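[1] Quick one: sequence plus predicted model below, questions after.
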Amino acid sequence: MKTLLHCQKHLFSLDPGQHYLNGAYMSPMLKSVEEAGLSGLLRKRQPQRISAADFFEDAERLRALFARLINARSADEVALIPSASYGMAVVAKNLPARAGQKIIMADAQFPSNVYPWMKLAGERGLDLEFVAMPVGKEHRGKIWNERILHAIDDRTVLVALGHVHWANGTRFDLEQIAAKTHRHGGLIVADGTQSVGALPLDVQAFGLDALICAGYKWLMGPYSSGYAWLGPTFIEGQPLEENWINRRNSEDFAQLVNYQPDYQPGARRFDVGERSNFIAVPMCIAALEQILAWGTDNIQAYCHTLIAPYLPKWAALGYHTEHPDWRAAHLFGIELPPRVKPADVQQNLKAAGISVSVRGDFVRISPHVYNDAADLEALTEALSF
Ligand SMILES: Cc1ncc(COP(=O)(O)O)c(C=O)c1O
């Protein structure tokens, strides 16, 4: 249900002298996440308080929260992983690919969703196709999506794509792309690192085969947290490592050397070793509980409303922003006019205490519910040349 959120800055400990518009770099810490981390840290003062059940219960709670966020059929489909690259490696290890097939990616996407495919292509004789961003600004996002759809054919074994482009926020229509990929017998893995948590994504409605997310950006967890959702093609695959807790009956600590050939059910076999991290897992739980309480559609709506008055101002200053149909509101690039030099923008931003990312000729702006009009005013002032 849509509700209009008010600014949630009071739930964070941001420096009042700074304008943090860089959630795409990493999220600031919710106070509730910080408290969960501190009590997790202090727990090890009294290790006898950590019981065998504690190795499982919080991990299961976290799996269930993430499953709810992405509308997975059940928590069984979720694995707890340390990074996006780990999740992509799981998919690469289990991809049924043969020589002559191809993997499609968008141009200049994040390396954690490129290197695994480069390696696999070398090992199995696959081709890689990077779909270029259109040079012209008019309808750029729409044309880029059309180009990706056009690239999908009977040779396509995998489309590996973000939901939004990490550097400029272009939104990829995963639902249409998944549908065409499946018509040609291929699979699709989405990198949700720059969207899940701030932009609604429904793995069932979108028809994905796998979804991989690092957890320290829009999922507001600590660094080295992440999630993998594995659909039917991958869920019975081979894990990257053989760790004890992922084997059947690992709950019974007295029987651990009664070695088990079977894994725990579902995607648990892909959990990273020591995934019961007693500091990080409670932090991730607190983060996902808050995100679910806000609602990702409400987060997106908040960002949309926050930036709306400034889009015409940036346009009047000569900056180009993608049409809202083809970009997110929580992460988008504004392209510098030729008269404005990136180094000058960077100097202004630094002087005004504004945190955004400058990537080539784009300023990447990534707001969240902790931002308010004062942050956008300061940004607009710094962009005024
Ligand atoms: C789209 C995207 N994927 C993944 C990552 C992080 O990857 P990893 O968890 O492998 O460090 C980032 C970091 O900026 C990103 O922007």
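    Noted; the coordinates are in hand.

[2] The ligand contacts on this structure?
    Those residues of the chain that sit near the ligand, judged by Cβ under 6 Å from any ligand atom, are 83-85, 110, 112-113, 162, 166, 191, 193-194, 214. To be clear about C-beta, it is placed using only N, CA and C from the backbone, and glycine gets the same treatment.

[3] switch the cut-off to 5 Å
    Neighbours of the ligand within the chain, by Cβ under 5 Å from any ligand atom: 83-85, 110, 112, 166, 191, 193-194, 214.

[4] Count the neighbours of Gly40 for me.
    Residues lying near Gly40 (other Cβ atoms under 10 Å) number 18.

[5] ugh, wrong one, His368
    Neighbour tally, His368, other Cβ under 10 Å: 28.

[6] Do a quick rundown of the helices in the stretch 201-350 of the chain.
    With DSSP state H, counting those that start in this stretch as the criterion, the stretch 201-350 of the chain has helices at 203-206, 280-294, 296-307, 311-316, 342-351.

[7] just these: most buried one?
    Comparing the helices of the stretch 201-350 of the chain by mean neighbour count (mean count of other Cβ atoms under 10 Å), helix 280-294 comes out on top with a mean of 21.

[8] Hmm, Val356 and Leu379 touching each other?
    Yes: the pair Leu379 / Val356 is scored as a contact, 7.0 Å apart, by Cβ atoms under 8 Å.

[9] what touches both of these two?
    Residues touching both Leu379 and Val356 (Cβ atoms under 8 Å, 6 or more residues apart in numbering): 21, 349, 365.

[10] before we move on, the earlier item: could the helices of the stretch 201-350 of the chain be laid out in CSV, adding distance to Phe66 and mean pLDDT?
    Output for the helices of the stretch 201-350 of the chain, formatted as CSV (distance: least, Cβ to Cβ, whole Å; pLDDT from 0 to 100):
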stretch, distance to Phe66, mean pLDDT
helix 203-206, 11, 98
helix 280-294, 6, 98
helix 296-307, 12, 98
helix 311-316, 33, 98
helix 342-351, 34, 95
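
[11] out of those, nearest to Ala228?
    helix 203-206 (11.2 Å; Cβ to Cβ).

[12] In which helix or strand does Leu120 reside?
    helix 115-124 (DSSP states H and E).

[13] can you pull the buried residues of that helix?
    For helix 115-124, a neighbour-count test (16 or more other Cβ atoms under 10 Å) marks 116-117, 120-121, 124 as buried.
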